[in-house]
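**Student:** Sharing a model that was predicted from the sequence below.
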Amino acid sequence: RRYIIGTPKSQLKHFEQELLSQDWEKIREGLEVKACPSPDGAETFILCRSEARAEKEMAIHDRFEKRIEKGLAKIAESCRKRKQKVNRIERRVGQLLGANTRAAGLFKVEVKEGQSGQVEIAWQKIEEWRKWAELSEGYYMLRTNITDWKAGELWEAYIQLTQAETAFRIQKSDLKIR
């Protein structure tokens, strides 16, 4: 049985050096791929980099970063205006970060009760997270147990699979089959 699947972006970290190397295969303008065998040789990882996807992810990170900053400032202001409970503010911060997960890793937030009894909230940005986000924007990875194909062939097969799945989904919804 052969498979080609997308993988979580978090797995890209294992291939950081490969992302920086120069031996990429150009599929079309703005899209390049690279095959990387697994350590045991049983699978192949296809690293993909897309200029369009990089622009989109950069805009998403910027938008979510601004939302979090604005939300944290709003929470901090409410703490200054009236007495709050630490656990309630922690929940609000958690909800804010949970609603903006694409940039939540950028922020380290600390909520504590100050000497005056007021809840204090402080945050800082983790520049290591930002560096990794900037490096990995536009990259994604596919995984397959097919080891004897070129990276471009594997990418094309994956795209064909996604198109077939989309067509089936459309047919299914058109026919109201459940």
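**Tutor:** Here it is on my side, so go on. Residues are numbered from 1 along each chain as shown.

**Student:** from memory Thr144 sits against Thr44, does it?
**Tutor:** Yes. At 5.3 Å, Thr144 and Thr44 qualify as touching, with contact defined as Cβ atoms under 8 Å. Placement of C-beta: from N, CA and C, glycine included.

**Student:** Of the two, which one has the most company?
**Tutor:** For Thr144 versus Thr44, neighbours defined as other Cβ atoms under 10 Å are more numerous around Thr44 (21 against 18).

**Student:** Do you know the pLDDT at that one?
**Tutor:** For Thr44, the model assigns a pLDDT of 86.

**Student:** That one contacts Thr7, doesn't it?
**Tutor:** No. Counting by Cβ under 8 Å, Thr7 is not a contact partner of Thr44; they are 11.7 Å apart.

**Student:** hang on, the earlier thing: name all residues that sit in contact with Thr144 and Thr44 at the same time.
**Tutor:** Common contact partners of Thr144 and Thr44 (Cβ atoms under 8 Å, 6 or more residues apart in numbering): Leu154.

**Student:** now Tyr140, what's its secondary structure?
**Tutor:** strand (DSSP: H, G, I helix; E, B strand; the rest coil).

**Student:** pLDDT at it, what is it?
**Tutor:** Predicted confidence (pLDDT) for Tyr140: 88.

**Student:** Which strand residues bridge the closest residue to it other than its chain neighbours?
**Tutor:** Closest residue in space to Tyr140, ignoring its immediate chain neighbours: Cys48 at 5.2 Å, by Cβ to Cβ, 6 or more residues apart in numbering. Taking DSSP bridges, one finds Val33, Tyr140 as the beta-bridge partners of Cys48.

**Student:** ok, now how distant is Ser136 from Ala54?
**Tutor:** According to Cβ to Cβ, to the nearest Å, Ser136 and Ala54 sit 9 Å apart.

**Student:** Look at those two and report which has more neighbours.
**Tutor:** Ser136 (20 against 16).

**Student:** Enumerate every residue touching the more buried one.
**Tutor:** Lys9, Leu12, Leu19.
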